[in-house]
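Visitor: predicted model, plus sequence, below.
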Amino acid sequence: MRDKFGGSFRGVLLATLLVSCETAEPEPAPAPPFAPSASAAPAAPVLPRRPTVRHYLARKDERCEVYAVDGDRVSAATRTPCPQDLQVGERIRVMGKSCMREGIAERAQPVVCPGALLTAATPPDVDAGGT
């Protein structure tokens, strides 16, 4: 069945829609992001920082020593038994929860942390468990 209004109705309808699209008001610009005043701004969060103290177990000629370095300051060395695979001139450094052998480039690799080194690197305020 043919449209009783004919094709002219469709043409007028399409023309009206097109004209209304072109003359529609533009959307308002988005609001600027919230910018609180300087007095209302919260303080910047304090992010965790890497500790400045580095703990080492170093092999000297006939003994091993545990010591700490904080910037330019070096703590007093404490004698400790040497790990069997640590060569003269090498040292082991605590790196987070693991340790790294340093000294000879081709032998630099992660190693098991010696107990004496971990004990020295544990902050005094950390409770080791217990009651």
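Guide: Here it is on my side, so go on.

Visitor: for P110, what are its contacts?
Guide: P110 is in contact with 98-101, counting by Cβ atoms under 8 Å, 6 or more residues apart in numbering. For glycine as for every other residue, the C-beta is placed from the backbone atoms N, C-alpha and C.

Visitor: how about those in CSV, adding neighbour count?
Guide: Below are the contacts of P110 laid out as CSV (neighbours: other Cβ atoms under 10 Å):
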residue, neighbour count
S98, 11
C99, 21
M100, 15
R101, 19
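
Visitor: and A121, how far is that from C82?
Guide: Distance, A121 to C82, using Cβ to Cβ, to the nearest Å: 18 Å.

Visitor: and T122, by the same measure?
Guide: Distance, T122 to C82, using Cβ to Cβ: 21 Å.

Visitor: can you check A108 too?
Guide: Taken as Cβ to Cβ, the span from A108 to C82 is 18 Å.

Visitor: count the neighbours of Y67 for me.
Guide: By the measure other Cβ atoms under 10 Å, the count of residues near Y67 is 17.

Visitor: so what's the residue lying closest to it once chain neighbours are set aside up against?
Guide: Among residues not flanking Y67 along the chain, A77 sits closest, at 4.4 Å (Cβ to Cβ, 6 or more residues apart in numbering). Contact analysis of A77 by Cβ under 8 Å, 6+ apart lists 65-67.

Visitor: phi and psi next, for A116.
Guide: Main-chain torsions, A116, degrees, to the nearest 10: phi -60, psi -40.

Visitor: so it touches A58, yeah?
Guide: No: shown here, A116 and A58 do not form a contact pair, counting by Cβ atoms under 8 Å, at 11.8 Å.

Visitor: looking at the two, which is more packed in?
Guide: A58 (20 against 17).

Visitor: which SS state does the more buried one fall under?
Guide: What DSSP: H, G, I helix; E, B strand; the rest coil gives for A58 is strand.
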